[in-house]
Structure formats: C-alpha cells, structure tokens
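1. Sequence first, then the predicted structure:
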Amino acid sequence: MESSGFIQYAVVLLLAAVIAVPLAKRSRLGAVLGYLAAGALIGPSALNLVGNAEEIAHISELGVVLMLFVIGLELSPQRLWVMRRLVFGFGSVQLVVTA
C-alpha cells in the first residue's frame, strides 16, 4: 500500500470513530459497539469508503487487538470470576465444534 493510500484510509477510519463513538454513547451503548458499527458502515458491504479489504488488513488486525484490549479494561476481575462457568463452558464448546 502506498503512503498516500494509507493516510487516506487512516483519516477515514479516524473520522468514522470520532463520529460513531459519541453517537453510540448518546444511545447508551458502549464505545466498542460504536467502533464496530463504524467499521461495518465504512466497509465494502455498506458505503465502500474502504473498498479493498486486503489493503487495510494490517490496520484491521491492529483494530481487533485494540478492541480486545478495551474490552479487557472494561471487564472487572470480579465479573469475570462470576462468569467463569459460562466463559469456560462456551469456550470449551467452541473448541470442540471448531476443531
């Protein structure tokens, strides 16, 4: 990807995030849902502002890592302990089904 294309994609992604997150918070939804909605909206399935998924694969992988980090920050250890049976149960089912 050339640098001007990277800058264009970065600007589109940042603008989408800046617009979507306050709208999600105003709707009493989390910031993560705002990011997901923004990504779905600007992607090739909707507005096609970022058309080629191969060109933004590295940015999207970084976005997934950052999203998981934010989810981890929002989840308290006490809540995780309460949900342990559910988490390990569904995790085990997913492992068996997809293996």
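-> Arrived safely, thanks for sending.

2. Where does pLDDT dip in this protein?
-> The chain contains residues with pLDDT under 70 at 1-4, 51.

3. Where do the helices of it begin and end?
-> With DSSP state H as the criterion, the chain has helices at 3-26, 31-42, 57-74, 77-82, 84-98.

4. okay, the angle between the longest one and helix 57-74?
-> When axes from the mean of the first three to the mean of the last three C-alpha atoms, to 10 degrees is applied, the directions of helix 3-26 and helix 57-74 differ by 30 degrees.

5. tell me, how many neighbours does V93 end up with?
-> 10 (other C-beta atoms under 10 Å). Just so you know, the C-beta spots here come from the backbone N, C-alpha and C atoms, and that holds for glycine as well.

6. Pull the contacting residues for it.
-> Shown in contact with V93 (C-beta atoms under 8 Å, 6 or more residues apart in numbering): no residues.

7. Quick check: it vs L68, distance?
-> 20 Å (C-beta to C-beta, to the nearest Å).

8. again with Q94
-> For Q94, the distance to L68 equals 16 Å [C-beta to C-beta].

9. try N52
-> Distance from N52 to L68, counting by C-beta to C-beta: 24 Å.

10. cool, A31 as well?
-> Taken as C-beta to C-beta, the span from A31 to L68 is 13 Å.

11. cool, and L86?
-> 18 Å.

12. before we move on, what about V96?
-> V96 sits 23 Å away from L68, going by C-beta to C-beta.

13. And for P44?
-> 23 Å.

14. Also L33?
-> In this view, L33 and L68 are 14 Å apart by C-beta to C-beta.

15. now swap in G91 and tell me
-> G91 sits 15 Å away from L68, taking C-beta to C-beta as the criterion.
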